[in-house]
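S.K.: just coords:
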């Protein structure tokens, strides 16, 4: 055996060349199979999206066959399609909770409903927090609807009571929010509010209960949780839908209006209450506002996404302007401190998520933004189910 510098060199024999050839051919075949699989899954997703999009129209009347179709999509093997169906089911129940009877008829009686809904979560599949939360909401709707004190039961009663005028203000949701027993109940109530609340009544509620009210704080927690889940799912291209963004912004706007109704003494008391400012509801409000100012991360309507991002400091000065008696000065300074406390941790989270989200694609057509946009769904639901076929995760935009 020849030597070079005293080191024996191994000659490559015919078997070595065959092994290399088979390895290269296998890699190429695997790459092609991945591409075909991805295109098949994308075609399935686009077809499901096209069929489900008809339910976006609030005036569309859902029949029993529509309910069957949504349940079939909810049981899909593709989490992206499942999430789209889950969200549509919750939104349609918010528009008209009486259609739950049609869903019940579509299930049949052979197998318990909770067993069917639970089976939609497959043991060999990864699900992000947004998917899990929406699945829990659907499970709660279908399994506890018959309870008069459930969130859906109470909402259905409200819907039937106000047959002539379904213009729901905050006081209408007050009793529903008081019945919430856990985080899932609160999140479900907030989803209903996002579709049905007319934006009125919150100021009078705060006037009666104050900013330290538990119901008010639970609402802020539920909104913050929804943003948190979507925020952490940015690498899956999962986004908030327009009505929820409008609801969150309207909720914050009404809280600002409530603050401006307070006298100087009450304002100073609020500014000195760290349980409300630093560790309570206003800390949640800051986080919601901060995350909502990244329109590229949310599926917001054009009139919202066209607005430039603004800092919390500008928001505070706009909502609590200078006053002759300086009544807002102390509270404004306390709220500005939230920006100094929480902004850097939130930015570090963005950097961490962006670093995790940058993954090369198996095909250049998916790494090219212009080509990717042509096949990317306008709903932009998560593509994590495609990662099983080697597609990877789409890189996030760094803010």
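M.R.: Here it is on my side, so go on. Model, not experiment: these values are computed from the prediction.
S.K.: how close does residue 74 get to residue 40?
M.R.: When Cβ to Cβ, to the nearest Å is applied, the distance between residue 74 and residue 40 equals 20 Å. All C-beta spots, glycine's among them, are computed from the backbone N, C-alpha and C.
S.K.: swap that for residue 154, please
M.R.: When residue 154 is compared with residue 40 (using Cβ to Cβ), they lie 43 Å apart.
S.K.: got the buried residues for the host helix or strand of residue 142?
M.R.: Per DSSP states H and E: residue 142 is located in helix 129-143. If you call a residue buried by 16 or more other Cβ atoms under 10 Å, then helix 129-143 has these buried ones: 130-131, 133-143.
S.K.: Closest one to residue 282 out of these, please.
M.R.: Distance ranking of these against residue 282, using Cβ to Cβ, places residue 133 first at 23.9 Å.
S.K.: Please name the nearest non-neighbouring residue to residue 160.
M.R.: For residue 160, ignoring the flanking residues on the chain, the nearest one in space by Cβ to Cβ, 6 or more residues apart in numbering is residue 98 at 7.4 Å.
S.K.: residues touching the one you found, list them.
M.R.: Residue 98 makes contacts with 156, 159-160, as judged by Cβ atoms under 8 Å, 6 or more residues apart in numbering.
S.K.: Assess the claim that residue 55 and residue 63 are in contact.
M.R.: No: taking contact to mean Cβ atoms under 8 Å, the distance of 11.4 Å between residue 55 and residue 63 leaves them out of contact.
S.K.: who's more crowded, those two?
M.R.: residue 55 (19 against 11; other Cβ atoms under 10 Å).
S.K.: The contacts of residue 98, buried ones only, as a PyMOL selection?
M.R.: Listed next is the PyMOL selection for buried residues among the contacts of residue 98, using 16+ other Cβ under 10 Å:
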select buried, resi 156+159
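S.K.: quick revisit: out of residue 154 and residue 40, name the residue with the larger neighbour count.
M.R.: Neighbour comparison, residue 154 and residue 40: the larger count goes to residue 154, with 23 against 11 (by other Cβ under 10 Å).
S.K.: Which secondary structure element is home to the closest residue to that one other than its chain neighbours?
M.R.: If you skip the residues right next to it in sequence, residue 154 has residue 176 as its closest partner in space, 4.7 Å away by Cβ to Cβ, 6+ apart. When secondary structure is defined by DSSP H and E, residue 176 falls within helix 170-178.
S.K.: And the next helix or strand past that helix?
M.R.: helix 183-196.
S.K.: In that next one, which residues are buried?
M.R.: 184-196.
S.K.: ok and that helix relative to helix 170-178, angle-wise?
M.R.: Angle, helix 183-196 to helix 170-178, by axes from the mean of the first three to the mean of the last three Cα atoms, to 10 degrees: 160 degrees.
S.K.: Helix 183-196: what's the following helix or strand?
M.R.: Per DSSP H and E, helix 183-196 leads on to helix 202-209 as the next helix or strand towards the C-terminus.
S.K.: avg pLDDT for that following helix?
M.R.: Predicted confidence along helix 202-209 averages 93 (mean pLDDT).
S.K.: what's in contact with that helix?
M.R.: Outside helix 202-209, the residues within contact range by Cβ under 8 Å, 6+ apart are 170-171, 174, 213, 215-216, 251, 254-255, 257-258, 261.
S.K.: Please spell out the segments of the protein that come in under the pLDDT threshold.
M.R.: Within the chain, the set of residues satisfying pLDDT under 70 comprises 1-38, 109-110, 145-149, 163-166, 232-241, 294-309, 350-399.
S.K.: go with 80
M.R.: For the chain, the stretches with pLDDT under 80 are 1-41, 108-111, 124, 144-149, 161-167, 229-243, 293-310, 347-399.
S.K.: Give me the helices and strands touching the one helix or strand residue 348 maps to, please.
M.R.: Following DSSP H and E, the helix or strand that holds residue 348 is helix 329-357. With contacts defined as 3 or more Cβ pairs under 8 Å, 6 or more residues apart in numbering; DSSP states H and E, the packing partners of helix 329-357 are helix 214-232, helix 264-272, helix 274-277, helix 281-292, helix 312-319.
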